[in-house]
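>>> I would like to see how this sequence folds:
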Amino acid sequence: MSTSKDNIIFSDIFDIKDVDGGGKKFDKVSRINARSDNYEMELTLDINNELYPLEVGEKFSLVLATSLSLTASVGNDTSGTQESWRERVGGERTLADDYEYVMYGKVYKYDESQAANKSCFVYISFGGLLMCLEGDYRHLHNISLGENLYLLMRK
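Numbering: from 1, shown residues only. As a prediction, the model looks like this:
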């Protein structure tokens, strides 16, 4: 039996270096810039600051997962039986229960043009809130263009 660990394709702790450094463009959205502790990744992420306020100097755990299921890895199933983020059967727990902020989005760009220096960029859109994750391709090779992913965060 597979576990939720099979669904997790990236996980690290990030330290917030800047919030809205380029100026605030929207009332309820902040753009954070952070650096990860373990893999030395650079993160730029738009978040709903009303739902999940973050400040410079705070640390948070960020996970990218193909599924919220704790029991099976369904991921990007093309059989038409892909799980819905809204479905819950009688108090069933999901990976989201362990996190404070969750978004669902799609990988719209994967740039390996910096492969010579072992760096790549992954871009994901969460309904207009954007994310760019930059770092060593060894830590991002499990992410595919066009893939739907969950982003989960907790302080």
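
>>> going forward, measure contacts and count neighbours with C-alpha atoms only.
OK.

>>> now the strands: where do they sit in this structure?
8-19, 29-36, 42-48, 59-65, 101-111, 119-126, 129-136, 148-154 (DSSP state E).

>>> Among those strands, which comes closest to Asn142?
Nearest to Asn142 among the strands of the chain is strand 8-19; the distance by C-alpha to C-alpha comes to 6.1 Å.

>>> could you redo the strands of the chain as TSV and give each row distance to Asn142, mean neighbour count and mean pLDDT?
Shown next, in TSV, are the strands of the chain (distance: least, C-alpha to C-alpha, whole Å; neighbours: other C-alpha atoms under 10 Å; pLDDT from 0 to 100):
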stretch	distance to Asn142	mean neighbour count	mean pLDDT
strand 8-19	6	19	97
strand 29-36	18	22	97
strand 42-48	17	19	97
strand 59-65	10	19	97
strand 101-111	11	17	96
strand 119-126	11	21	95
strand 129-136	12	19	96
strand 148-154	11	21	97
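
>>> Distance to Gly91 for the ones you listed - can I get that in a markdown table?
Conversion of the strands of the chain to a markdown table gives the following (distance: least, C-alpha to C-alpha, whole Å):
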| stretch | distance to Gly91 |
| --- | --- |
| strand 8-19 | 22 |
| strand 29-36 | 31 |
| strand 42-48 | 27 |
| strand 59-65 | 21 |
| strand 101-111 | 18 |
| strand 119-126 | 26 |
| strand 129-136 | 29 |
| strand 148-154 | 20 |
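
>>> Looking at these, spot the one closest to Glu92.
strand 101-111 (17.0 Å).

>>> Compute the inter-axis angle for the closest one and strand 148-154.
130 degrees (axes from the mean of the first three to the mean of the last three C-alpha atoms, to 10 degrees).

>>> Partner strands of strand 101-111 and their direction?
Using DSSP bridges, the strands paired with strand 101-111 are strand 119-126 (antiparallel), strand 148-154 (antiparallel).
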